Each structure stands twice: as structure tokens, then as C-alpha cells.
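J.: Coordinates only, no sequence provided:
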């Protein structure tokens, strides 16, 4: 996945630096890979504040401000949870943007409603929250890599759009 | 680094499962790679609660309970900070063990006292805290990979020792 693809983490860094903006990440199914890629860029400490890897419902509730009752009832596999994770991590680190991932890396953990390989990505800039649902194929590592690549590419596209859109603070 | 080496993350998982113990991680210089490797193991959600990637002093203070005044005065590059990070993340996630990394992945950020490639690893089990200092060579990615490998191997060795030592709770 990594070779030959555009390095979104580098492009994201350039955009954030240009905006003097900061980023925090909440990762569930990607388990740290999104943050690992972001921190492969030299100088990323200028805009990357950090991340919460929340691998249990309790951790999502405790560190990202989600309701444990809600998570226990509906689970962590939804666009709504991805949005709340992005909002929660943005607040927890006091950053301009929050990015999140939640889903089923597999090989177990799939449900009737959410199959193995399903990944929800969330974004928050404090005013709006967005979400994306994707279905990936392959083993656990393959799902993690595709999900991280997709999350980073989507973040880049989202940040680019918000920069070029007329009527935003920057115009 | 990864190919051919023993998969410490797998061996750690077996030990933690055997002990019915849980783990949380605080990563600075490794930027998520330690957590990424731990979560490559299928079923790791049974014992891995999550991680805090603290890429700024503020994030270390806010999420790991370190003193911002101390960090601003002495920096984050010491065995003492690594220990406090391990203790802090263990408390933050309510786990049996805490593991941490802090150091200089490079290529910039080195100081007179702490050269590029220096990494401190911390461990806490709530009773004792341990630390390890290592010096690695190579570029940013190479330092991250060597530091993650060393941290995982050291955690495995530390957990194995505590299991086999007479006089512990398990004997």
C-alpha cells in the first residue's frame, strides 16, 4: 500500500503548516498506524499534537467523552461514533482538527450489520463533523493499511476543499 | 527490522493473556508504531486497552499527568519522564501494566545531552517503575523501528522475569 502511493501524510503536513493549524487523531481499528504514518514526517511535531488509541469501549468513553451506556448499547461501529471520536479527540488535545477511525480489522469481530473490513472515518473542525464509510478486503494488516491510507487521503481532500471554498475564514 | 525477528508483540499477547493482565502504552518518539505492532495481533483487544500518543509537552502534561512546569524546565528526554509516562498511562487506562517511549527520532531535535537516536523506554506495574536508555543509528524511520522493536522485546523480557521470580503473587 505504501510504496508508489502519494504520501498523504506529507501533503497533510504541508497544508497544516500553511494554515498554522494542528491535528489530533483518535484511532480504534487502525491501532496506531495513522499516527505512525503522520509522525514519519520530519517536523510533524509542529502540527501533530498526538493521538488516543482507544481499543476498548471504556477507553473511548474515558478519553474521548463518549457515553459508555450508548457504546454498550449500540457498539462502536458507526459513523456517529466516528464523528464523536473526532470531536472528542479535537477537544482532548485542543487542536484545530480531529480525525478518527473505528471499524472491524478482523479476522473476527464482524456483525450482521457491520462486516469484517468495514471502517468508519470521522473528521471534525469544531464547526462541522463529517464521516465516511468504507469496505475493505483482506487480512487484518491489509485492512489496517487500506483504512489508514483512506483516512489520510480523505483528510487531505477535506482540508484542501475547506481551503479553496469561498466564504471561509481564509478568503 | 520486522522480518526475521521474533514477533515480540505476539509473545507479549500470550503472556498477558496467561496472566489475565492488561496493557496501555504512552508513545512519544515512536509515534504510534508500538501500538500499531501490538494491534497487528488478532485478539489483542482482549488485553490492549489503548495508548496515548503525546507528541507535545502539553499533551504529556494533560493526558499523562506530568507537570508542565517540569517538562518545560527539563524537557521530555529522560528516563525519569519515561517512567512517569508509563505510570501515567497505566493510571489513565486502568491497566495492569504501562509501557512508554520518549526520545529523539531525528533528524532534528537532538541536544548536547541527548543526541538524535537516543530513546528512553519506561515500564510500570503500579508497584515498581523501570527505565531503559538506548542509542540507535539511522534515519527517522529506522530509529522509530529500532526503538519499537527494543521496547517490545524489553517489555516481553520484563514480563517474563516478573512471572518466573519467586516471591511474586503468582508463586
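T.: Yep, that arrived. What you are looking at is a predicted structure, and each value in this text was computed from that prediction instead of being measured.
J.: which residues sit in contact with the most centrally placed residue in chain A?
T.: Using C-alpha atoms, centre = their mean, the residue of chain A that lies closest to the mean C-alpha position is residue A:100, 2.5 Å off. By C-beta atoms under 8 Å, 6 or more residues apart in numbering or on different chains, the residues touching residue A:100 are A:25, A:26, A:27, A:28, A:82, A:83, A:85, A:86, A:89, A:121, A:122, A:123. From N, CA and C alone the C-beta is placed, and that goes for glycine too.
J.: ok, and which of these reach chain B?
T.: For chain B, the contacts drawn from the contacts of residue A:100 by C-beta under 8 Å from any C-beta of the partner chain are A:25, A:27.
J.: Quick one: the contacts of residue A:100 as JSON lines, columns for neighbour count and secondary structure too.
T.: Shown next, in JSON lines, are the contacts of residue A:100 (neighbours: other C-beta atoms under 10 Å in any protein chain shown; DSSP: H, G, I helix; E, B strand; the rest coil):
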{"residue": "A:25", "neighbour count": "32", "secondary structure": "strand"}
{"residue": "A:26", "neighbour count": "34", "secondary structure": "strand"}
{"residue": "A:27", "neighbour count": "33", "secondary structure": "strand"}
{"residue": "A:28", "neighbour count": "31", "secondary structure": "coil"}
{"residue": "A:82", "neighbour count": "30", "secondary structure": "helix"}
{"residue": "A:83", "neighbour count": "21", "secondary structure": "helix"}
{"residue": "A:85", "neighbour count": "33", "secondary structure": "helix"}
{"residue": "A:86", "neighbour count": "28", "secondary structure": "helix"}
{"residue": "A:89", "neighbour count": "29", "secondary structure": "helix"}
{"residue": "A:121", "neighbour count": "31", "secondary structure": "strand"}
{"residue": "A:122", "neighbour count": "28", "secondary structure": "strand"}
{"residue": "A:123", "neighbour count": "24", "secondary structure": "strand"}
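J.: could the contacts of residue A:100 be laid out in TSV, adding pLDDT?
T.: Output for the contacts of residue A:100, formatted as TSV (pLDDT from 0 to 100):
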residue	pLDDT
A:25	98
A:26	98
A:27	98
A:28	98
A:82	98
A:83	98
A:85	98
A:86	98
A:89	98
A:121	98
A:122	98
A:123	98
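J.: what does chain A put close to chain B?
T.: Residues of chain A lying near chain B by C-beta under 8 Å from any C-beta: A:25, A:27, A:30-36, A:38-40, A:42-45, A:48-56, A:58-59, A:62-63, A:92-94, A:105-109, A:140-141, A:144.
J.: Quick one: buried ones out of the residues you listed?
T.: Using 16 or more other C-beta atoms under 10 Å in any protein chain shown as the burial test, the residues of chain A next to chain B include A:25, A:27, A:30-36, A:38-40, A:42, A:44-45, A:48-56, A:58-59, A:62-63, A:92-93, A:105-106, A:109, A:140-141, A:144 as buried.
J.: just checking, which of those residues belong to strands?
T.: Within those, residues falling in strands by DSSP state E are A:25, A:27, A:48, A:49, A:50, A:51, A:52, A:53, A:54.
J.: wait, the first one sits on residue A:38?
T.: Yep, that's residue A:25 we're talking about. Yes - counting by C-beta atoms under 8 Å, residue A:38 is a contact partner of residue A:25 at 7.1 Å.
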